[in-house]
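**Q** I would like the atomic coordinates for the input below:
(chains A, B, C and D)
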Number of protein chains: 2
Amino acid sequence: MRSLLAITKALSDANRVRIVCALERGELCVCQIQELLGLAHSTTSKHLSLLAAAGLLDVRKEGRWAYYRLADEEARAGLREVVGWLCRQAAQEKHVAEDRRRLDAILRIPPEELCQLQANGSKSCSSAPATRAGARSRRASRTRSKAT
Amino acid sequence: MRSLLAITKALSDANRVRIVCALERGELCVCQIQELLGLAHSTTSKHLSLLAAAGLLDVRKEGRWAYYRLADEEARAGLREVVGWLCRQAAQEKHVAEDRRRLDAILRIPPEELCQLQANGSKSCSSAPATRAGARSRRASRTRSKAT
DNA sequence: CCGTCATGTCGCCATCCGACGACATGACGA
DNA sequence: TCGTCATGTCGTCGGATGGCGACATGACGG
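**A** Model prediction:
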């Protein structure tokens, strides 16, 4: 009952379901997920830790950055089955469809830019992609140029 | 996100998972589930209501008695898939295996007897089936003889 | 080394949730 | 009709949980 409940409890929160659905499209770094959810980074980190502890997510650390993705070994415990069901159900909810749109916008912003904006206190930079965010980010894109 | 979260939240509690797994063997009346869980009847009733509200259970009222079973229309919303996965995962947990044993014992006690014992304050009559519970229940078994 | 930065952890607070007892409801039997 | 009985509902209470800010950690750049 331990691990089973860990999984069901992990999937019983709206923001965590949003994370899982977002990661179905591929791995994301913490700041991108934070931007998608619109939560404080501490809260985001806690959700990610909880999902990872339940075996649903894997982490890949690269320097100061952390990339989360759906666990590769899902098939082992039959997790892939539930995750697939979850995302299929979620796809019918408008909230998740909205998230897909927002994620598209977020992915167009370089992650370093995201972190800068988040540090500066601007809460929803993804809802204002019209600011030509990419322009100012040329400067900062040295550090992580190798990462996707 | 509404109904999806209702389902995942409903399955995020150990006692509710136990209920779902127990009902995989067939419908049960409230007093039998209450006895299996060892909870107050108000708590049991609340759990059942929550599961039914999420669409996981159906109720069948017969006189003063209420029988709960896994929802027939699960296939419609793809619920059967999750319930199947849940019970398969749960079957590997010793808690649920223990529940199967206890449920066997409970099913050997006439429901009216169960309710009498519960009303008399004896908490775990299923753990003491050696009292020849069936003997005294001959008197009371008129009312519900047609059920089951 | 030292500052900066992305992330993780901790402590706090508001809210949610599961547990219970007490009472309400509706059905059966007298 | 009236008491009894199985179940449902309500109010309450304590613990769990999600949210945040503040601080710790470890990596990069100087």
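
**Q** Pull the number of nearby residues for A:Ala119.
**A** A:Ala119: 10 surrounding residues under other Cβ atoms under 10 Å in any protein chain shown. Yep, even glycine has a C-beta here, placed from its N, CA and C like the rest.

**Q** near DNA strand C at all, stretch A:95-109?
**A** No. Using Cβ under 7 Å from any atom of the strand, stretch A:95-109 never reaches DNA strand C; the gap is at least 12.0 Å.

**Q** ah, wrong one, I meant stretch A:6-18
**A** No. Residues of stretch A:6-18 are not located near DNA strand C by Cβ under 7 Å from any atom of the strand, the shortest gap being 8.0 Å.

**Q** buried sites along that stretch?
**A** A:Ala6, A:Ile7, A:Thr8, A:Lys9, A:Ala10, A:Leu11, A:Ser12, A:Asp13, A:Ala14, A:Arg16, A:Val17, A:Arg18 (16 or more other Cβ atoms under 10 Å in any protein chain shown).

**Q** Not counting its neighbours along the chain, what's nearest A:Arg25?
**A** The spatial neighbour of A:Arg25 that comes closest, neighbours along the chain excluded (Cβ to Cβ, 6 or more residues apart in numbering or on different chains), is A:Leu103 at 7.1 Å.

**Q** Would you agree the one you found falls within a helix?
**A** Yes. According to DSSP: H, G, I helix; E, B strand; the rest coil, A:Leu103 belongs to a helix.

**Q** correct me, but A:His41 touches A:Val30?
**A** Yes. Judged on Cβ atoms under 8 Å, A:His41 makes contact with A:Val30 at a distance of 7.0 Å.

**Q** Looking at those two now, which is surrounded by more residues?
**A** A count of neighbours by other Cβ under 10 Å puts A:Val30 above the other of A:His41 and A:Val30, at 19 against 15.

**Q** roughly how far apart are the more buried one and DNA strand D?
**A** A:Val30 sits 12 Å away from DNA strand D, going by Cβ to the nearest atom of the strand, to the nearest Å.

**Q** from what I can see that residue touches A:Ala66, true?
**A** Yes. Judged on Cβ under 8 Å, A:Val30 makes contact with A:Ala66 at a distance of 5.3 Å.
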